[in-house]
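Here is the input, now give the coordinates:
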Amino acid sequence: MKLHELSDNPGATKKRKRVGRGPGSGMGKTAGRGIKGQKSRSGVAINGYEGGQMPLYQRLPKRGFNKPNRKAFAVINLGLIQKFVDAGKLDGGQAITEDALIESGLVRRKRDGIRVLAKGDVTSALNIEVTGASKSAVAAVEKAGGSLKVTNTTAAA
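Numbering: from 1, shown residues only. Got it, this is the predicted structure:
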């Protein structure tokens, strides 16, 4: 077999349909869009429109509630803080504040504060000062001989 003898299986490839290329193509003139009307023109965006009937997304009941003034916290786990202390990216001897966590790269941005959760193990005595923490996270840090201080939890929004 030579390079020029290579070909695909019959029917494996199909030619692209080129519309608006003359009457002989079968898709000339109106290019299969019919005559006049919104859908024959360019720039049509009628997804979800049901011809005046009440659309499905409006017929279905709405559920739930999104609190407009809810707080969004940056969440970190104790195991990650310990990992960064072990790697030398965070100084375990000094108080670990929210600014220190951002500088180390553990948290990208503060948002409405940083909340610590108890996933992972803490081996060294850490002094952490953050906006929020779970009860189990506070207990885990104190068990390791450190302190987890929660600051301004009821700050006015």
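
Okay, the residue nearest to Thr131 when sequence neighbours are not counted and Thr30: tell me how far apart.
Nearest residue to Thr131 in three dimensions, chain neighbours excluded: Gly113, at 2.6 Å (CB to CB, 6 or more residues apart in numbering). Backbone N, C-alpha and C define where each C-beta goes, glycine included. Distance of Gly113 to Thr30, given as CB to CB, to the nearest Å: 60 Å.

residues in contact with Leu60?
By CB atoms under 8 Å, 6 or more residues apart in numbering, the contact list for Leu60 is empty.

What ranges does this structure have for its strands?
For the chain, the strands defined by DSSP state E occupy 74-77, 95-96, 114-117, 127-130, 132-133, 147-150.

Redo these as CSV? Include mean pLDDT, mean neighbour count and distance to Tyr49.
As requested, these are arranged in CSV below (pLDDT from 0 to 100; neighbours: other CB atoms under 10 Å; distance: least, CB to CB, whole Å):
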stretch, mean pLDDT, mean neighbour count, distance to Tyr49
strand 74-77, 91, 18, 41
strand 95-96, 84, 18, 55
strand 114-117, 90, 22, 43
strand 127-130, 88, 21, 49
strand 132-133, 89, 21, 45
strand 147-150, 85, 16, 51
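
Indicate which one of those strands is closest to Gly34.
Across these, Gly34 has its closest neighbour in strand 74-77 (54.3 Å, CB to CB).
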